[in-house]
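S.K.: What follows is a protein structure lacking sequence information:
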């Protein structure tokens, strides 16, 4: 934090850096909400294991698909949903029943089934926030695809690594592809296909969607435990730091909000 205050000091007339700040302030806490509404605090000090999942340290892992345990008397598979929520300053990882790995950033919420039904798309919903997905291949899941929903778009994949950022206050939903291929579709049925190091940006106010090239590894640096700021405004940086350290940051001088870090 001291290095940040130095870089933002008005004495530094030129901001010409892609400074990386290590040792983020994230705590390893999350709230697991079960289908009946029961909430369970997950943390390194609260280990849990049952027939469906095992939680320890900063992760929770669901056990391999077993739809037999989820069938009703009608023999129709019953989909049971859980929610994983992180607060300000929180971060947690999740392994779904199909083997897909998900990293949930601060102030994020994910809805997902405890088990997937064979022959149907594996569907989860990023209710809000940011998540990085390493999707288990469809070849390992009877050819079933994988879909990530949020309020304004759908992301269809077969097996790939990508990041979705959808904080309501930002009014922008970004989908960044690291490996593989995905198709992003907004609510107006506009479709865009992404290749590695490409990103879609969906404006939640106008519903316009654009695509551009990016450095995907920099975009997912938070998964590795550090921040990478490159051509990022001071306003955006303070939002990230606020979520990470659970602090409120205000500007005495509104003019410096647009100050940017550049290479």
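M.R.: Nice, thanks for sending it over. Values in this document were obtained by computation on a predicted structure and should not be read as measured data. Numbers count the residues shown, from 1 in each chain.

S.K.: which residues of the stretch 101-250 of the chain fall in strands?
M.R.: For the stretch 101-250 of the chain, the strands defined by DSSP state E, counting those that start in this stretch cover 101-104, 108-113, 122-134, 146-150, 153-157, 161-166, 172-179, 182-186, 191-194, 198-203, 209-213, 226-228, 232-233.

S.K.: Those: lowest mean pLDDT?
M.R.: For the strands of the stretch 101-250 of the chain, the weakest mean pLDDT is recorded on strand 226-228, namely a mean of 84.

S.K.: on that earlier part again, need the strands of the stretch 101-250 of the chain in CSV (columns: distance to residue 62 and mean neighbour count).
M.R.: C-beta: built from backbone N, CA, C; applies to glycine. Below are these laid out as CSV (distance: least, CB to CB, whole Å; neighbours: other CB atoms under 10 Å):
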stretch, distance to residue 62, mean neighbour count
strand 101-104, 11, 20
strand 108-113, 8, 22
strand 122-134, 12, 21
strand 146-150, 15, 20
strand 153-157, 19, 21
strand 161-166, 19, 22
strand 172-179, 23, 20
strand 182-186, 23, 20
strand 191-194, 27, 16
strand 198-203, 29, 20
strand 209-213, 32, 13
strand 226-228, 28, 17
strand 232-233, 35, 16
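
S.K.: Just put those strands in JSON lines and tack on distance to residue 92.
M.R.: Output for the strands of the stretch 101-250 of the chain, formatted as JSON lines (distance: least, CB to CB, whole Å):
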{"stretch": "strand 101-104", "distance to residue 92": "5"}
{"stretch": "strand 108-113", "distance to residue 92": "9"}
{"stretch": "strand 122-134", "distance to residue 92": "10"}
{"stretch": "strand 146-150", "distance to residue 92": "17"}
{"stretch": "strand 153-157", "distance to residue 92": "21"}
{"stretch": "strand 161-166", "distance to residue 92": "16"}
{"stretch": "strand 172-179", "distance to residue 92": "20"}
{"stretch": "strand 182-186", "distance to residue 92": "23"}
{"stretch": "strand 191-194", "distance to residue 92": "26"}
{"stretch": "strand 198-203", "distance to residue 92": "24"}
{"stretch": "strand 209-213", "distance to residue 92": "29"}
{"stretch": "strand 226-228", "distance to residue 92": "17"}
{"stretch": "strand 232-233", "distance to residue 92": "24"}
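
S.K.: Which of those sits closest to residue 34?
M.R.: strand 108-113 (12.2 Å; CB to CB).

S.K.: quick check: angle from the closest one to strand 122-134?
M.R.: 140 degrees (axes from the mean of the first three to the mean of the last three CA atoms, to 10 degrees).

S.K.: partner residues bridging residue 131?
M.R.: With DSSP bridges as the criterion, residue 131 is bridged to residue 104, residue 164.

S.K.: check contacts around it.
M.R.: Shown in contact with residue 131 (CB atoms under 8 Å, 6 or more residues apart in numbering): 102-105, 108, 110, 148, 163-164.

S.K.: got a pLDDT number for residue 22?
M.R.: At residue 22, pLDDT is 41.

S.K.: And the one 5 residues further on, by the same measure?
M.R.: Per-residue confidence at residue 27 stands at 62 (pLDDT).

S.K.: repeat for residue 241
M.R.: 89.

S.K.: and if you look at residue 170?
M.R.: 88.

S.K.: Leaving out sequence neighbours, find the closest residue to it.
M.R.: Nearest-residue entry for residue 170: residue 239, 7.5 Å, with adjacent residues in sequence omitted and distances by CB to CB, 6 or more residues apart in numbering.
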